[in-house]
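Engineer: Attaching a predicted model along with its sequence, questions to come.
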Amino acid sequence: MPEAPDNGVTATDYALTDKNKKALEFIEDVTSRPDQVQKQILTEILTQNATVEYLHRHGLSGHTDRETFKKLVPVVTYEDLHNDITRIANGDKSAILSSHPISEFLTSSGTSGGERKLMPTIDAELGRRSLLYSLLMPVMNQFVPGLDKGKGMYFLFIKSEAKTPGGLLARPVLTSYYKSSHFKERPYDPYTNYTSPNETILCPDSYQSMYSQMLCGLYLNKEVLRVGAVFASGFIRAIRFLEKHWSLLSRDIRTGSLNPVVTDPSVRESVMKMLKPDPNLADFIELECSKKSWQGIITRLWPNTKYVDVIVTGSMAQYIPTLDYYSNGLPLVCTMYASSECYFGVNLNPLCSPSEVAYTIIPTMAYFEFLPVHRTASGATIESEKGNSQLVDLADVKLGQEYELVVTTYAGLYRYRVGDILKVVGFKNKAPQFSFICRKNVALSIDSDKTDEVELHKAVENAVNHLVPFSATLTEYTSYADTTTIPGHYVIFWEVNESGSTPIPAWVFEDCCLTIEESLNSVYRQGRASDKSIGALEIKVVENGTFDKLMDFAISLGASINQYKTPRCVKYKPIVELLNAKVVSSYFSPKCPKWFPGHKQWTG
Ligand code: AMP
């Protein structure tokens, strides 16, 4: 028998070190030969799916080489796949996209026709997602050692699921992952040792889930070494929840009992298993939470926390100041980049500042291609005129160039445009590293909602009908994602021309707010009505002439007077301030818009 290590290092420590080493070696290996790996992955995907209808339709007839694939298979968007996806959703079990049975649909937060996109997936993809997760902590451990000696306080949630007419589940990718055995039955691992028992994460009631997760996080406060949620918006919501409920939570800790608002039996059982009365901790929580300032509340309540693990790239960057405030400037760590279509990559330098985050795409996850794009000063993307022939492989992207990501997955997406714009900012060995620039065409986003200008415009047009009886018209409008409120909310600035004799009553503007909300996509309405991750939409009526002033201001900043168009969304702080200074009245949506799980056409 090998001798027991005498330096306090246990067998578990050795096993962990070995696991970490293997994960890092894997990254070294695949990033050293990305082209070879990508070629192999494409061959594997095309061999596995050689007989599927989709590839047959495009004349691939069993070819598995890159050249033939690129020549014959078109680059597509979701709309191009709509018919195939509808057939699968309606129960057609033939091998349309994948030779493996479609196990479920993952409902993307990207929408088509106002409804979430349905991404087909197969069982084997769960393994690939788990692999990407397994790389995160070995990477992190290089920068912050000792994380295996405590817990992570992560606020993780499931969302509602629906069934397609053909009986397949349709649910978000994380709901699918948390409900899978990969997560629920994970063997003990110090890196997935969370303060939240599985039952609290898997509780379908979001209030009970949040309450119990926060309670456990507070109760185990000294053990917590890292805190987080998937997106920054979710973590801030958790802090807001604490602001509202700390006295109830501390009462539970004082008495060692769980508030009866938590009724879910499995949640109660799992929490009660750990909770014992701790009056000292309750005193401490009350003392800290009742202080007027909540600056640094994270480091105060969870004093051993080393970093905040949340995505703050892309539209989530708007939350950085709030997170800095609550965390007293702890590192904000963005570990990974993923989607319903496919998990893409990891951040190999996780302690870098949010503006420097670069994701290294892991070449085994799928076959990746890149469509070069150029952006105008306003941020709109312009594709190269040469179109699809310009697509380049992972190993051929150029430093400094921006691209739209295109994926070919094991689950049956072929040359599918993800809609994300990435920029090459460096290399890990021979593999490129990308900063996330933006999601194409997204004007407004608070949480996972993504509203584009066209959709916003249609929604505003619908609302303007309420002004007709008052002989009023909308002169101009623009919008803004206000994240100073928690949760954040959409603000629409309206300049109204009132020529009628009766002033417009407040309830009319409130109806306008609701009409806009009712007209927006299902992800937005779910965020409002079910997840409560988005606050009530607000219309701010501005003085007449405000939009002329906005134009003058833009021109003073260098915009061309001939080409000036009112921006339909504003982010630049001085412009938002200009608009806010001209507000004469403001109105909120009086209730939540309607939302039902599943697609409109399934619910009748
Ligand atoms: P979904 O399709 O709902 O799973 O959302 C996936 C999308 O979220 C991606 O295509 C990105 O637009 C966005 N996203 C995911 N991870 C990140 C990240 N690390 N940084 C910025 N945006 C991200």
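Structural biologist: All right, it came through fine. Numbers count the residues shown, from 1 in each chain.
Engineer: can we go C-alpha only for contacts and neighbour counts from here?
Structural biologist: Fine.
Engineer: What's the local residue count around the closest residue to residue 451 other than its chain neighbours?
Structural biologist: Nearest-residue entry for residue 451: residue 444, 5.1 Å, with adjacent residues in sequence omitted and distances by Cα to Cα, 6 or more residues apart in numbering. Residue 444 has 24 neighbours, counted by other Cα atoms under 10 Å.
Engineer: Spell out which residues of the stretch 351-500 of the chain are next to the ligand.
Structural biologist: For the stretch 351-500 of the chain, the contact set with the ligand under Cα under 6 Å from any ligand atom comprises 420, 436, 439.
Engineer: Dump those residues into JSON lines; add distance to residue 397 as well.
Structural biologist: Listed next are those as JSON lines, based on distance: Cα to Cα, whole Å:
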{"residue": "420", "distance to residue 397": "15"}
{"residue": "436", "distance to residue 397": "15"}
{"residue": "439", "distance to residue 397": "19"}
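Engineer: I'd like these as TSV, with secondary structure and pLDDT appended.
Structural biologist: Below are those laid out as TSV (DSSP: H, G, I helix; E, B strand; the rest coil; pLDDT from 0 to 100):
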residue	secondary structure	pLDDT
420	strand	97
436	strand	98
439	strand	95
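Engineer: Most neighbours among the residues you listed, which one is it?
Structural biologist: residue 436 (22 neighbours).
Engineer: In three-state terms, label the closest residue to that residue other than its chain neighbours for me.
Structural biologist: Nearest residue to residue 436, sequence neighbours excluded (Cα to Cα, 6+ apart): residue 422, at 4.8 Å. Following DSSP: H, G, I helix; E, B strand; the rest coil, residue 422 is assigned to strand.
Engineer: pretty sure residue 422 contacts residue 399?
Structural biologist: No. In this structure, residue 422 is not within contact of residue 399 by Cα atoms under 8 Å, at 11.2 Å.
Engineer: out of those two, which sits in the busier spot?
Structural biologist: More crowded of residue 422 and residue 399, by other Cα under 10 Å: residue 422, with 25 against 14.
Engineer: can you pull the contacts of that one?
Structural biologist: 402, 403, 404, 405, 434, 435, 436, 437, 438 (Cα atoms under 8 Å, 6 or more residues apart in numbering).
Engineer: beta partners of it?
Structural biologist: Assessed by DSSP bridges, residue 422 has beta-bridge partners residue 403, residue 436.
Engineer: What's the separation between it and residue 270?
Structural biologist: Separation of residue 422 from residue 270 (Cα to Cα, to the nearest Å): 42 Å.
Engineer: re the thing from before, any chance of the contacts of residue 422 in a markdown table, with distance to residue 123 too?
Structural biologist: Converted to a markdown table, the contacts of residue 422 look like this (distance: Cα to Cα, whole Å):
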| residue | distance to residue 123 |
| --- | --- |
| 402 | 33 |
| 403 | 30 |
| 404 | 27 |
| 405 | 24 |
| 434 | 28 |
| 435 | 30 |
| 436 | 28 |
| 437 | 31 |
| 438 | 30 |
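Engineer: Beyond the helix-or-strand element of the chain with minimal mean pLDDT, next helix or strand please.
Structural biologist: In the chain, the helix or strand scored least confidently by mean pLDDT, DSSP states H and E is strand 381-383, which has a mean of 69. Per DSSP states H and E, the first helix or strand lying C-terminal to strand 381-383 is strand 392-393.
Engineer: In contact with residue 264, which residues are there?
Structural biologist: Contact analysis of residue 264 by Cα under 8 Å, 6+ apart lists 203, 208.
Engineer: typo on my end, it should be residue 110
Structural biologist: 116, 117, 449, 450.
Engineer: at 10 Å what do you get?
Structural biologist: 78, 116-118, 339-340, 418-419, 439, 442, 448-451, 521-523 (Cα atoms under 10 Å, 6 or more residues apart in numbering).
Engineer: Could you tell me which of these belong to strands?
Structural biologist: 116, 117, 118, 418, 419, 439 (DSSP state E).
Engineer: centroid residue for the chain?
Structural biologist: Residue closest to the average C-alpha location in the chain (Cα atoms, centre = their mean): residue 448, at 4.9 Å.
Engineer: which ones are touching that one?
Structural biologist: Counted by Cα under 10 Å, 6+ apart, residue 448 has contacts 108-110, 231, 233-234, 315-316, 523-524, 527, 533-534.
Engineer: and these near the ligand, which?
Structural biologist: 108, 109, 110.
Engineer: To what extent is the residue lying closest to residue 48 once chain neighbours are set aside buried, counted in neighbours?
Structural biologist: Spatial nearest neighbour of residue 48, excluding adjacent residues (Cα to Cα, 6+ apart): residue 99 at 6.7 Å. For residue 99, the neighbour count with other Cα under 10 Å is 20.
Engineer: Please look at residue 99 and residue 52 and confirm they touch.
Structural biologist: Yes. In this structure, residue 99 is within contact of residue 52 by Cα atoms under 10 Å, at 5.9 Å.
Engineer: what sits in contact with each of the two?
Structural biologist: In contact with both residue 99 and residue 52: residue 412, using Cα under 10 Å, 6+ apart.
Engineer: I'd like to know how many residues surround the nearest residue to residue 501 once chain neighbours are set aside.
Structural biologist: Nearest non-adjacent residue to residue 501, counting by Cα to Cα, 6+ apart: residue 470, 7.9 Å away. For residue 470, the count of nearby residues is 17 (other Cα under 10 Å).
Engineer: you'd agree residue 470 is up against residue 504?
Structural biologist: Yes. At 6.5 Å, residue 470 and residue 504 qualify as touching, with contact defined as Cα under 10 Å.
Engineer: what do the two both touch?
Structural biologist: residue 498.
Engineer: Surely residue 237 and residue 487 touch.
Structural biologist: Yes. Residue 237 lies in contact with residue 487 (Cα under 10 Å); the separation is 6.4 Å.
Engineer: which residues are common contacts for those two?
Structural biologist: 532, 533, 534.
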